[in-house]
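J.: Here is a sequence together with a model predicted from it:
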Amino acid sequence: MAIVYKISMRLGDTLYLCQVSGFTSVLMDWTRGKEFPAKVNGKVLLVKTPNGQTVDLNIVGKKTAK
């Protein structure tokens, strides 16, 4: 069963507040302080997981990181 996750990811000086519906097995290795290759594509943050899969995170907000 897919679960909706709220995820914050920092790219440069911007903190992106995102939501994604996914399976625990895909997002299980995502923890605070880990780095993943990512890029912004409109209102979506494309993130590459350690196993090479790309996950689309829907951007619901953003703010300047501290």
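T.: Received it, and whenever you're ready, just let me know what you need. Numbering: from 1, shown residues only.
J.: how many other residues sit next to V20?
T.: 20 (other C-beta atoms under 10 Å). Where you see a C-beta, it was placed from the backbone N, CA and C, and this is true even at glycine.
J.: do the one 10 residues further on as well
T.: W30 has 17 neighbours, counted by other C-beta under 10 Å.
J.: Model confidence for the nearest residue to T64 once chain neighbours are set aside, exactly?
T.: Spatial nearest neighbour of T64, chain neighbours left out: D13 (5.9 Å); criterion: C-beta to C-beta, 6 or more residues apart in numbering. At D13, the pLDDT value in this model is 93.
J.: can I assume D13 is in contact with K63?
T.: No: assessed by C-beta atoms under 8 Å, D13 is found out of contact with K63, at 9.9 Å.
J.: how about P37, what does it touch?
T.: Neighbouring residues of P37 by C-beta atoms under 8 Å, 6 or more residues apart in numbering: 47-48.
J.: try 10 Å this time
T.: With contacts defined as C-beta atoms under 10 Å, 6 or more residues apart in numbering, P37 is in contact with 46-49, 54.
J.: so how far is A38 from the residue nearest to T49 when sequence neighbours are not counted?
T.: What sits nearest to T49 in space, not counting adjacent residues and going by C-beta to C-beta, 6+ apart, is V55, at 6.0 Å. Distance, V55 to A38, by C-beta to C-beta, to the nearest Å: 9 Å.
J.: what residues does the longest strand anywhere in the chain touch?
T.: Across the chain, the strand with the greatest residue count (assigned by DSSP state E) is strand 54-64. Taking contacts as C-beta under 10 Å, 6+ apart, the residues outside strand 54-64 that touch it are 5-9, 11-22, 26-27, 30, 36-49.
J.: Tell me the confidence at the residue nearest to T49?
T.: V55 is given a pLDDT of 87.
J.: Good, we can wrap up now.
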